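Asks: Fold the following and give me the result.
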Amino acid sequence: MKYILVTGGVISGVGKGIIASSMGTILKSCGMRVTSIKIDPYLNIDAGTFSPYEHGEVFVLDDGGEVDLDLGNYERFLDVTLHRDNNITTGKIYRDVIDKERKGDYLGKTVQVVPHITDAIQEWIIRVAKIPVDGNEDEPEICIIELGGTIGDIEGMPFVEAFRQFQFRVGHDNFLVCHVSLVPQPNTTGEQKSKPTQNSVRSLRGLGLSPDIIMCRSQNALQDGLREKIAMFCHVPPDQVISVYDCSSIYRVPLLLESQQIIPFFTKRLKLEMKSPTARRSLSKWQDLAERHENVKDVVQIALVGKYTKFEDSYMSVTKALKHAALSKHKLLNIVWIEAANLEEGMLETDAQAYYECWKRLSSCSGVLVPGGFGLRGVEGKVAAVRWARERKIPFLGVCLGLQAGVIEFARNVLGWTDANSKEFNPDTKHPVIIEMPEHHPGDLGGTMRLGKRKTLFVNKESIMYKMYGRNDSVEERHRHRYEVNPDVVDELESRGLKFVGRDVEGKRMEIMELEDHPYYVAVQYHPEYLTRPMKPSPPYLGLILAASGQAMDRLDI
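Replies: Below is the predicted model:
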């Protein structure tokens, strides 16, 4: 097993995740089996209880693991299926060690950060690195490990010390350190500055890890002489200083790294036996994708009506799913971000300008997406957006809470149940069209939802989604929700044209909803965006793009 550790310096959010994913993509294109681990040094057990404004979206895996959004990048780039243990947190490590201490596994010894915490980290990495992630039973050959945060953060110190020990445990030929650093370029001088990178590398080396390769993140390509200067002061050869400047799209990053000869470097440094020493042919699909992204001109405008629109990373997978679908049909995606709360009538009294502006922007779009979310804020705005799309026959996709908003809206305005609502938002409603699931434990929030991949059976073979999913009898998608459609009201909803065309294996849970006599009115209880891939877009999102582009979905031939 070969290990590549990716660390960051100067600032967080410098692009470690995309660079780690791109390196994995290059190695996989050379025929290597690659897996990934993300380390988040916070004390939380997992990302499940985070506000979207803290770290962006919570990404959900097949096994129900609620993890950092970077694991979504790994899955999309590498086309693999990761597991909850591929995301390590300080909370998980300490819980593991404390559980062992309570059981007496340490035989009365004083339990300390060194060696017990550092040993637990190393053992976790060795164990998880061996788990197959690409659909077959073969162990991965390379594990790319991203250490979150920046070098020098106090919460990351146990992990840095663990890797200092780990490099000797696995041997020099099996361990490589890649350091990602920022090279700023102040507007006052226009000159790129290497000092932050020098200081960052000095800190890393002072902690016992020496970078083998330095990824220099910058706005523009490294200026003449800077590569040599960084190499001299950071103790690496110039060809191991890689310029990772801002690209037109993330699809360019693997191509940019490959063009700077990192394949020969990896081969020599880690003594790899590449099955395909050149990645150029395998990377051609990324080249095509990047060129398509740069050259498409036909715009499709989609309104994203959400609760967390001030921080776009809150909808990372949603926006990726839309982009993948748009690019697959040679469309230039324009997402119009609309804060759901601003669509509510109450805004007329508090901020009329925001109210009218948001409705104007919504009206300019050829498709409407209402994604998931939790809590009461903005729900009535989502319901209003759904009604607008239904009555004006604008292509609509609802996801999770978006489906529930669709059911609430239909019950109120078509069935005439004016107080129809979810038990989450109004426990005393006389028409609870959305109810709490038995799995939900109100006392705890973490890990108490219906999580992970579940099977949905199609009960209507004439439905749009049945065709979009390749006319398969069933589909497996990932879930993350606490509430669901009340089965007691399904017959009345369906009698007026709101059809539940996909249900769980027991037939009791409503998974896919479509409206009759509408160009494209689709909602799903699951989160299809978690399984989108650049080369294989998610069917519900692809359907929205097709319908918003004028495709007649009733004549769909897939």
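
Asks: what comes into contact with the one helix or strand in the chain whose mean pLDDT sits lowest?
Replies: When the helices and strands of the chain are scored by mean pLDDT, DSSP states H and E, helix 52-55 comes last with a mean of 81. Outside helix 52-55, the residues within contact range by Cβ atoms under 8 Å, 6 or more residues apart in numbering are 47, 58, 68, 69, 308, 310, 311, 313, 314. For glycine as for every other residue, the C-beta is placed from the backbone atoms N, C-alpha and C.

Asks: ranking those by neighbours, who comes first?
Replies: Counting neighbours by other Cβ atoms under 10 Å, residue 68 leads those with 26 neighbours.

Asks: That one: what's it in contact with?
Replies: Here residue 68 is in contact with 38, 40, 47, 55, 59, 87, 148 (Cβ under 8 Å, 6+ apart).

Asks: Just the ones of these in strands?
Replies: 38, 40, 59, 87 (DSSP state E).

Asks: circling back: can the contacts of helix 52-55 go into TSV with extra columns for pLDDT, secondary structure and distance to residue 495?
Replies: TSV is the format used below for these (pLDDT from 0 to 100; DSSP: H, G, I helix; E, B strand; the rest coil; distance: Cβ to Cβ, whole Å):
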residue	pLDDT	secondary structure	distance to residue 495
47	88	coil	41
58	92	coil	37
68	90	coil	44
69	90	coil	41
308	91	coil	36
310	87	coil	41
311	88	coil	41
313	89	helix	42
314	92	helix	37
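
Asks: Please enumerate the helices of the stretch 201-350 of the chain.
Replies: Per DSSP state H, counting those that start in this stretch, the stretch 201-350 of the chain carries helices over the ranges 226-234, 253-259, 262-269, 284-295, 316-328, 347-350.

Asks: tell me the most buried of those helices?
Replies: helix 316-328 (a mean of 24; mean count of other Cβ atoms under 10 Å).

Asks: what packs against that helix?
Replies: helix 70-78, helix 284-295, strand 299-306, strand 332-339, helix 539-548 (3 or more Cβ pairs under 8 Å, 6 or more residues apart in numbering; DSSP states H and E).

Asks: Looking at these, which is nearest to residue 384?
Replies: Among the helices and strands packed on helix 316-328, the nearest to residue 384 by Cβ to Cβ is strand 299-306 (8.9 Å).

Asks: re the thing from before, point out the one among the helices and strands packed on helix 316-328 that comes closest to residue 371.
Replies: Ranking the helices and strands packed on helix 316-328 by proximity to residue 371 (Cβ to Cβ) places strand 299-306 first, at 5.5 Å.

Asks: tell me what that closest one is packed against?
Replies: Counting contacts by 3+ Cβ pairs under 8 Å, 6+ apart, strand 299-306 is packed against helix 316-328, strand 332-339, helix 352-363, strand 367-370, helix 379-391, helix 539-548.

Asks: any chance of those in a markdown table, plus mean pLDDT and distance to residue 222?
Replies: Putting those into a markdown table (pLDDT from 0 to 100; distance: least, Cβ to Cβ, whole Å) gives the following:
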| stretch | mean pLDDT | distance to residue 222 |
| --- | --- | --- |
| helix 316-328 | 95 | 29 |
| strand 332-339 | 95 | 31 |
| helix 352-363 | 94 | 40 |
| strand 367-370 | 97 | 39 |
| helix 379-391 | 96 | 46 |
| helix 539-548 | 96 | 37 |
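
Asks: so where's the protein shaky on pLDDT?
Replies: Counting by pLDDT under 70, the ranges of the chain that qualify are 276-281, 439-448, 553-558.

Asks: Give me the nearest residue to the residue positioned nearest the centre of it, chain neighbours excluded.
Replies: Closest residue to the average C-alpha location of the chain: residue 72 at 3.5 Å, with Cα atoms, centre = their mean. Among residues not flanking residue 72 along the chain, residue 59 sits closest, at 4.2 Å (Cβ to Cβ, 6 or more residues apart in numbering).

Asks: Name the nearest of the contacts of residue 68 relative to residue 124.
Replies: Nearest to residue 124 among the contacts of residue 68: residue 87, at 10.8 Å, using Cβ to Cβ.

Asks: check contacts around the residue nearest to residue 542 when sequence neighbours are not counted.
Replies: Nearest non-adjacent residue to residue 542, counting by Cβ to Cβ, 6+ apart: residue 325, 4.2 Å away. Residue 325 sits next to 532, 537, 538, 541, 542, 544, 545 when contact means Cβ under 8 Å, 6+ apart.
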